[in-house]
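Novice: Below: sequence and its predicted model.
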Amino acid sequence: ANEASAPSKTELANESAATSELDRIVYSYLQKRNYKSSLDALAKDSKVQSIGVALDPSNEASVESSVSTRLAAFASYSTPKLIVESYTSLNSWISTSLDQYKNELYTVTFPIFVHCFFELFHKGDDNAAQRFMQSHHLEHLNLHRDQIESLKHITRLDQLESNETARAFRNNKYNLSLSSYSFELLLAFVQEHRYMTLLRIINQHLHINVFTGKPASLTQQGGLGEAVQHVQSVHAKEAVAWGTFGLPEGLDDEDATKPEDKGDKGDKGDKAKADDDDNAPKRKRRKDHEKAPKEHERLKFPPIRGPDAELRRVALQEAKNRVLLGPQALPSCCAYTMFNAQTVTTMALTTDNKLLATGHSDSSITVWSLTADKLKNFYPPEKLSSIEVTAHTLMSDLQDPDTASDSKVLVGHSGAVFGLSFSPDQLLLLSCSEDRTIRLWSLATYTCIVCYRGHNYPVWDVKFSPMGLYFASTSHDRTARLWSTEKIFPLRIFAGHLSDVDVVAFHPNCSYIATGSTDKSCRLWDVHKGDCVRIFQGHRDTVHALTFSNDGRFLATGSDDWSVMLWDLETGVRIAVFQGHQDVLYTLAFSQDDSVLASGGLDDTVRIWDCAIMRQVSAALGEVKEADDSLEPGQASQALLTTYYTKNTPVYALQFGVTNYLVCGGVYRPSDS
C-alpha cells in the first residue's frame with residue numbers, strides 16, 4: 001500500500017517539468033512588464049538554471065504571444081472546481097495578510113472575480129457560474145453595486161456578448177495600482193499554488209501600475225478604462241488651445257468701461273468729442289488669448305445682434321460692480337426651493353438668473369419667472385394680423401396681458417425629462433428625455449419648434465454652447481453628439497467612453513466639449529476634429545457634474561464618490577482633490593473671477609472651495625505636479641471655505657451672477673421620504 005501511494009519517478013519528473021515551465025512563464029511575464037526586482041527574486045528562488053533565457057527578450061511581440069499562448073495552454077486544463085478553489089484561496093490569503101497590504105491587495109479581487117465568473121461559463125458549467133456569483137457577489141457589492149447587479153442577470157454563455165458590463169470587461173483591461181512589494185506577494189502566491197487561470201487573468205485582463213514605496217493609506221479602487229500609456233500618448237499627441245477670445249463682434253470694451261453719456265441730446269457725447277480730438281487716445285479692442293484656437297479651428301457663429309447683444313451689454317455694465325471673492329469675502333447665496341415637487345428631475349437657470357426651468361418625471365417641463373415680470377403668450381393670430389409692426393414695436397406689444405402667469409408648462413416629451421439648457425439670448429430652451437429625443441422650445445410662444453432624433457437610447461444631458469446655435473447631448477448609447485439648431489441631424493459623434501455618457505459641458509471658447517461618464521472618467525473632445533484630446537481618470541464612481549473655469553484652462557468634475565477634482569487642460573494633470581461632501585454631487589459652478597468654486601448635491605449643502613491652486617498653476621513655470629487623493633473618508637479638505645446648509649433640500653443647480661452672487665435651486669425633501 002505504501003509503495004502504491006508513493007509517486008513514481010515519471011510523475012516526479014512531470015511535476016518538476018510543469019513547475020519549471022510555470023517558472024518560465026512567470027519569468028517571461030515579469031520580463032514583458034519590466035518588473036526588475038521581481039525578476040531578480042524569482043531568478044534566485046527558482047531551481048531552473050536557464051530561466052533567464054526562457055524567452056527571447058529582444059522580440060517583444062514574441063514575448064507577448066508566447067506568454068499568452070503558454071498561459072492559455074496551462075489554463076485550459078483548469079476545471080470549474082479548480083477555478084472556484086483558486087479564487088476562494090486567493091480571497092482567504094488576502095484576508096489573512098498584514099493590514100498594511102490587505103486593503104491594496106483586495107483591489108485585485110474584483111476583476112479576478114468577474115473573469116472567474118466568465119471562465120465558468122466558458123467551461124460549460126452554467127450552474128457553477130451562478131453558484132459562484134451567488135456565493136461571492138456580496139464581497140464586492142458595496143464598491144461595485146451597479147456592475148454586480150448587471151452581471152447577476154447573466155445565466156448563459158451567449159449572454160456574455162449581449163451584456164454591456166460583460167463586454168466592457170472582456171474588451172478592456174482593468175486598471176489598478178499596487179506597491180512593488182504587494183505585487184511580488186501576489187505573484188509569489190499564484191506561482192506557489194500554480195493557479196494558472198489567475199495568472200492568465202492578470203496577464204490578459206489587468207493593467208497593474210506598480211509603484212515603489214509604501215502602500216497608500218487610502219487605496220484607490222481600480223476601474224475599466226484606458227491604460228496609463230495610452231492616456232499619456234493622447235495627452236502628448238496634441239496641445240489644447242484653451243485660451244478664450246476677445247469681445248464678440250457687435251460688442252466693445254467701452255460697454256464695460258465707459259460711463260453713460262449724461263449730456264444734453266444736442267451736445268456731442270464723449271465719443272464724438274474724442275473723435276474730433278486728434279490727440280485723444282484710441283481704444284484698443286481686447287485681443288484673443290495667445291492660447292486661443294486659430295481662426296480656421298473655430299466654430300462659425302453669426303454676429304451677435306438683437307436680444308443677445310443687449311443681454312451681453314447689460315452684463316458688461318453690471319460687471320463693473322463685481323465683488324472679488326476669496327477666503328475673506330464669501331459669496332452671498334440666494335436659494336430657490338421647490339415644494340411638493342417630487343417629480344422634478346433636473347433644473348436650469350438663464351445666465352441673468354431671471355428664469356428657471358424644471359424637468360419632471362411625468363415628461364413635462366415648467367418655466368418659472370424669478371422676477372416680478374410675468375410670462376405671457378402672444379395674441380391669437382387674428383389679433384396679431386391687425387397690429388401694425390414698426391421699428392419701435394416691442395415684444396410686449398404683441399403679448400396678451402390676460403395670459404400673464406408666474407409659470408408656463410411645456411408638454412411634448414413621452415418620457416422623463418433629464419436635461420435642460422437655455423440659449424444665451426433666452427429665446428430658446430433645449431430639453432432631452434427618456435424618449436430618446438431632444439426638443440427645442442420657443443420661449444416666445446411656449447411651443448416645441450424642432451424635435452431632434454439620433455440617439456438610440458435615453459438622452460441624459462444637453463447643453464447650449466456659450467455663443468448659441470450649437471448644442472451637445474449625451475446618452476445611454478455611450479456617445480456624445482454635436483448638433484446645430486439649424487440641422488435635424490448631428491454634426492459630430494464622439495465615441496470612446498466605455499459606459500453611459502451622463503453629462504456634457506462646453507468650453508468657453510466653444511472649440512471643446514467635456515463629457516463625464518459612468519465609466520468613472522472624463523474626456524475632452526476637439527469639436528473641430530472630433531478627436532479625444534484629454535482623458536481624465538481618477539474618480540471612483542460615476543461623474544455627474546462638469547464645469548470649466550471662465551479663463552478656459554481648468555475643468556472641475558464632481559462624482560458619486562463625493563469628491564470634486566480640478567484638472568489642468570494644458571497638461572492633463574489633476575491639480576486638486578476636494579473632499580467634504582457626504583453624498584452624491586449634482587452641480588458645480590465657478591465664480592466669475594475663478595477665485596472660488598461652488599458645489600452642491602444630495603447632502604443638502606452648498607460648499608465653497610478656495611481655488612488658489614489654479615492661480616498657482618497658472619503662474620508656475622515648471623512642471624505641474626499631480627495632486628494625491630490621500631484623505632480618509634469623512635475628512636474635509638483645507639480648501640473648504642464654508643458650507644451653506646439647506647433644509648432637507650438637495651441642490652440641483654448652481655450659478656454665479658455677473659456680480660458674483662450665487663443662485664441655487666433644489667427640491668424640498670420631506671423628512672419621512
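Specialist: Sure, I can see it.

Novice: in the stretch 201-350 of the chain, which spans are helices?
Specialist: For the stretch 201-350 of the chain, the helices defined by DSSP state H, counting those that start in this stretch cover 228-237, 254-257, 270-276, 306-318.

Novice: The shortest one - what's its average pLDDT?
Specialist: This points to helix 254-257. For helix 254-257, the mean pLDDT works out to 46.

Novice: Over to stretch 393-408 now: how far is its first residue from its last?
Specialist: End-to-end span of stretch 393-408 (CA to CA, to the nearest Å): 24 Å.

Novice: was I right about Ile535 contacting Val231?
Specialist: Yes. Between Ile535 and Val231 a contact is recorded at 4.8 Å, counting by CB atoms under 8 Å. Placement of C-beta: from N, CA and C, glycine included.

Novice: Are there residues contacting both of these two? Which ones?
Specialist: Taking CB atoms under 8 Å, 6 or more residues apart in numbering as the criterion, Ile535 and Val231 both touch Gly572.

Novice: In the stretch 201-350 of the chain, where is pLDDT below threshold?
Specialist: Residues of the stretch 201-350 of the chain meeting the criterion pLDDT under 70: 214-230, 247-286.

Novice: how about a cut-off of 90?
Specialist: Within the stretch 201-350 of the chain, the ranges that satisfy pLDDT under 90 run 201-323, 326, 342.

Novice: do the stretch 501-650 of the chain as well
Specialist: 519-520, 529, 537-541, 561, 571, 618-638.

Novice: so where do the strands sit in it?
Specialist: With strands called from DSSP state E, counting those that start in this stretch, the stretch 501-650 of the chain shows them at 501-506, 512-517, 521-526, 532-537, 543-548, 554-559, 563-568, 573-579, 585-590, 596-601, 605-610, 640-645.

Novice: May I ask which helix or strand encompasses Ala188?
Specialist: Secondary structure assignment for Ala188, by DSSP states H and E: helix 180-193.

Novice: Which strands or helices does that helix pack on?
Specialist: Where contact means 3 or more CB pairs under 8 Å, 6 or more residues apart in numbering; DSSP states H and E, helix 180-193 is packed against helix 9-33, helix 36-45, helix 80-95, helix 99-122, helix 196-205, strand 206-211.

Novice: What helices and strands are in contact with the last one?
Specialist: Here strand 206-211 touches helix 99-122, strand 174-179, helix 180-193, going by 3+ CB pairs under 8 Å, 6+ apart.

Novice: CA atoms of the last one as PDB?
Specialist: The C-alpha atoms that make up helix 180-193 are tabulated as PDB, following Å, rounded to 0.1, in the frame of the first residue of the first chain:
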ATOM      1  CA  SER A 180       6.000  46.700  -5.600                       C
ATOM      2  CA  TYR A 181       6.000  44.500  -2.500                       C
ATOM      3  CA  SER A 182       2.300  43.800  -2.700                       C
ATOM      4  CA  PHE A 183       2.700  42.900  -6.400                       C
ATOM      5  CA  GLU A 184       5.600  40.500  -5.500                       C
ATOM      6  CA  LEU A 185       3.400  38.900  -2.800                       C
ATOM      7  CA  LEU A 186       0.600  38.400  -5.300                       C
ATOM      8  CA  LEU A 187       2.800  36.700  -7.900                       C
ATOM      9  CA  ALA A 188       4.500  34.600  -5.300                       C
ATOM     10  CA  PHE A 189       1.100  33.300  -4.100                       C
ATOM     11  CA  VAL A 190       0.000  32.500  -7.600                       C
ATOM     12  CA  GLN A 191       3.200  30.800  -8.500                       C
ATOM     13  CA  GLU A 192       3.400  28.800  -5.300                       C
ATOM     14  CA  HIS A 193      -0.100  27.300  -5.800                       C
END
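
Novice: Who are the contact partners of the most centrally placed residue in the chain?
Specialist: The residue lying closest to the centre of the chain (CA atoms, centre = their mean) is Gly516, at 2.2 Å. By CB under 8 Å, 6+ apart, the contact list for Gly516 reads Val501, Asp502, Val503, Val504, Cys522, Thr542, Val543, His544, Ala545, Leu546, Thr557, Ser559.

Novice: Thank you kindly, that will do.
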